[in-house]
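A.B. asks: Fold the stuff below for me.
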Amino acid sequence: MRTTRLSVAMLAVVALAATACKTDITGLNVNPNSPSISTPPPPGTIFTRAVATTGGRYGGAGYQQSMVELLAQHISQYQYVDEDRFAYRVLTIDGYFNGPYPADLMDLQQVVNVGQTIKDPNTWGPAKVMQQWVFQQMTDLFGDIPYTETLQGMTGPLKPKYDAQKDIYYGMVKELTDASAGMGGAGPGLGSGDQIFAGNAALWKKFSNSLRLRLAMRMQKADAAKANTELAAALAAGVMTSNSDNAMINWPGDLVFDNPWASNNAGRDDYRMSKTLMDVLVANNDPRTGIYAQPTKADPTKYAGEPNGLDNATANAYGTTTSRPGAIFYPGSTTYAGTIGTSAGRKTPTYLLTYAEVCFIKAEAANRGIGGLTAAQAQQFYNDGVTASITQWGGTAASAAAFLAQPTVAYAGGAAGLTQILTQKWVAFFTQGEEAWSDWRRTGIPANIVPGPKATLSYMPRRMMYATTEQSVNNDNLQAAITRQGADTYSTRMWWDK
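C.D. replies: Alright, predicted model coming up:
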């Protein structure tokens, strides 16, 4: 790596010297990270990089496998169990606060700037949608964060204020509404630079409206009137209608850009399936069991999970008697256990928002009688969500029908039906740990998500703590946010977490 860096640097010096001999050097005054309107950056290339960065950050091992998927109790740690016990590494958490602003968010802002300059909503719209997706991850992780005073380059404040989470949610909803309304005309769009929908504006509109639907349900207990209005408006604008509409990052699987779980699992054996999830899957003969998980090494006829929140010695004892994540999350041959999975595992998509989630949101809204939906519609939406999740992961419609026919799974209606909806939504959120954790924070379902026996806290975390660097670079605004939101601790509930 060091040789490569030196080679690139030397080439840059040689090129600069040659150029200086032939021309003037006024071009040195141009900031390459702030392109002029007359020479805009290629938006497709920047968008590709931004999405790859986002997918690696929020779909990767550090965020999913070593934090939010543990909090959702989809998986557990079998080795190096600190995060499963809530003993987080400060620098890791700091990265999820500091990292997105100058990287993926700023790259997406460059695409927005170019798209607005050339007056093409099909260019700036997808970038706006992705920005709101990233901001949602950030605010749902920390609470109040800088939002309105960010991404303004040299013209913005050096010490941006923290916006209240309510205002961030309102802002994200407006940005998504505007993006959806703008996209769909004859503009060139992002084309092959868009590795999510290949420049299909109609699918971006559905993604935008579906993300708006997610945000509306998330604020349901904090702002019922706004939630009801936005649910109805998002549905009217047009949300996802099949798995073909799923928003996901399609990884090339070329050993450079691979599914982040597969990349991590190629050389590490740190994770097992959580007992919390596996007990639900096994008890209901769920057809996703053999997709989400592998049989145990001790008994290839069985699937089992490891409890969360153990110490290293206790967790290590579960190595052969509990299930690893499914073979589709492994690239094939690994450095610790021979061949697990196939090369196709490197291409497993990273899901951002799915049709199954949309169905479960509609089912919950119907069960609650909000968003213009009625209780009579809840069963069909619930069935659609379960079927969409099973088929999304490679199961069949027939297996979904058999699964739904079981008395423990068939929709019961009322309060019991709401629990079923939210439980199946939690199951469907596998690999989307923050959404599962956020829904649990909002609803308390599943009710058996509790700290493990060796956890460092007596409660499940409700948020992560702010980046320590903010104390030195933006402390006044940090302290204002803490005064408004509550103590900078894992136990402080954010605005929508009632």
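
A.B. asks: Tell me where the stretch 251-400 of the chain has strands.
C.D. replies: Taking DSSP state E, counting those that start in this stretch, the strands of the stretch 251-400 of the chain run over residues 271-273, 331-334, 338-341, 350-353.

A.B. asks: Looking at these, which one is packed in the most?
C.D. replies: strand 271-273 (a mean of 27; mean count of other C-beta atoms under 10 Å). Bear in mind the C-beta positions are built from the backbone N, C-alpha and C, glycine included.

A.B. asks: in its sheet, what does it sit against?
C.D. replies: strand 75-77 (antiparallel) (DSSP bridges).

A.B. asks: Quick one: mean pLDDT over the strand it pairs with.
C.D. replies: Mean per-residue pLDDT for strand 75-77: 98.

A.B. asks: picking that back up, tabulate the strands of the stretch 251-400 of the chain in CSV, adding columns for distance to residue 167 and mean pLDDT.
C.D. replies: Output for the strands of the stretch 251-400 of the chain, formatted as CSV (distance: least, C-beta to C-beta, whole Å; pLDDT from 0 to 100):
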stretch, distance to residue 167, mean pLDDT
strand 271-273, 37, 98
strand 331-334, 43, 94
strand 338-341, 44, 92
strand 350-353, 23, 98
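
A.B. asks: just so I know, which of those strands lies nearest residue 64?
C.D. replies: Residue 64 lies closest to strand 350-353 among the strands of the stretch 251-400 of the chain, at 9.0 Å (C-beta to C-beta).

A.B. asks: Show me what that closest one is packed against.
C.D. replies: helix 201-218, strand 247-249 (3 or more C-beta pairs under 8 Å, 6 or more residues apart in numbering; DSSP states H and E).

A.B. asks: so what's the residue lying closest to residue 299 once chain neighbours are set aside up against?
C.D. replies: Nearest residue to residue 299, sequence neighbours excluded (C-beta to C-beta, 6 or more residues apart in numbering): residue 321, at 7.7 Å. Counting by C-beta atoms under 8 Å, 6 or more residues apart in numbering, residue 321 touches 296, 297, 298, 299, 304.

A.B. asks: that older thread, any chance of the strands of the stretch 251-400 of the chain in JSON lines, plus distance to residue 370?
C.D. replies: Below are those laid out as JSON lines (distance: least, C-beta to C-beta, whole Å):
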{"stretch": "strand 271-273", "distance to residue 370": "34"}
{"stretch": "strand 331-334", "distance to residue 370": "44"}
{"stretch": "strand 338-341", "distance to residue 370": "42"}
{"stretch": "strand 350-353", "distance to residue 370": "20"}
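
A.B. asks: and residue 153, which of these is closest to it?
C.D. replies: Closest approach to residue 153 among the strands of the stretch 251-400 of the chain is made by strand 350-353 (26.4 Å; C-beta to C-beta).

A.B. asks: ok, how many other residues are close to residue 497?
C.D. replies: 18 (other C-beta atoms under 10 Å).

A.B. asks: And residue 198, by the same measure?
C.D. replies: Residue 198 has 13 neighbouring residues, counting by other C-beta under 10 Å.

A.B. asks: gap between it and residue 212?
C.D. replies: For residue 198, the distance to residue 212 (C-beta to C-beta, to the nearest Å) stands at 22 Å.

A.B. asks: Also residue 73?
C.D. replies: 28 Å.

A.B. asks: for the strands of the stretch 251-400 of the chain, which one sits closest to residue 220?
C.D. replies: Smallest distance to residue 220 across the strands of the stretch 251-400 of the chain (C-beta to C-beta): 17.3 Å, for strand 350-353.

A.B. asks: Each with direction, which strands does that closest one pair with?
C.D. replies: strand 247-249 (antiparallel).

A.B. asks: Please state the mean pLDDT value computed over the partner strand.
C.D. replies: 98.

A.B. asks: hmm, back to that, nearest to residue 461, out of the helices and strands packed on strand 350-353?
C.D. replies: Using C-beta to C-beta, the nearest of the helices and strands packed on strand 350-353 to residue 461 is helix 201-218, at 17.5 Å.

A.B. asks: list the helices and strands the closest one packs on?
C.D. replies: helix 121-142, helix 165-182, helix 224-237, strand 247-249, strand 350-353, helix 355-368, helix 433-443.

A.B. asks: Now it: average pLDDT?
C.D. replies: 98.

A.B. asks: Domains in this structure, by residue range?
C.D. replies: For the chain, automatic domain parsing gives the domain ranges 44-250+350-443, 260-278+290-304+313-347.

A.B. asks: Out of these, which one sits most buried?
C.D. replies: domain 44-250+350-443 (a mean of 20).

A.B. asks: If we ignore the residues flanking it in sequence, what's nearest residue 241?
C.D. replies: residue 355 (7.0 Å).

A.B. asks: what sits against the one you found?
C.D. replies: Contacts of residue 355 by C-beta under 8 Å, 6+ apart are 240, 241, 242, 243, 245, 246, 388, 392.

A.B. asks: Likewise for residue 438?
C.D. replies: Residue 438 neighbours (C-beta under 8 Å, 6+ apart): 140, 218.

A.B. asks: For residue 100, see how far away it is.
C.D. replies: 17 Å.

A.B. asks: Low-confidence regions, the stretch 1-150 of the chain specifically.
C.D. replies: 1-41 (pLDDT under 70).

A.B. asks: Next, format the domains of the chain as TSV and append distance to residue 469.
C.D. replies: Output for these, formatted as TSV (distance: least, C-beta to C-beta, whole Å):
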stretch	distance to residue 469
domain 44-250+350-443	6
domain 260-278+290-304+313-347	25
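
A.B. asks: Show me what the helix or strand containing residue 401 is packed up against.
C.D. replies: Secondary structure assignment for residue 401, by DSSP states H and E: helix 397-404. Using 3+ C-beta pairs under 8 Å, 6+ apart, the elements in contact with helix 397-404 are helix 378-392.
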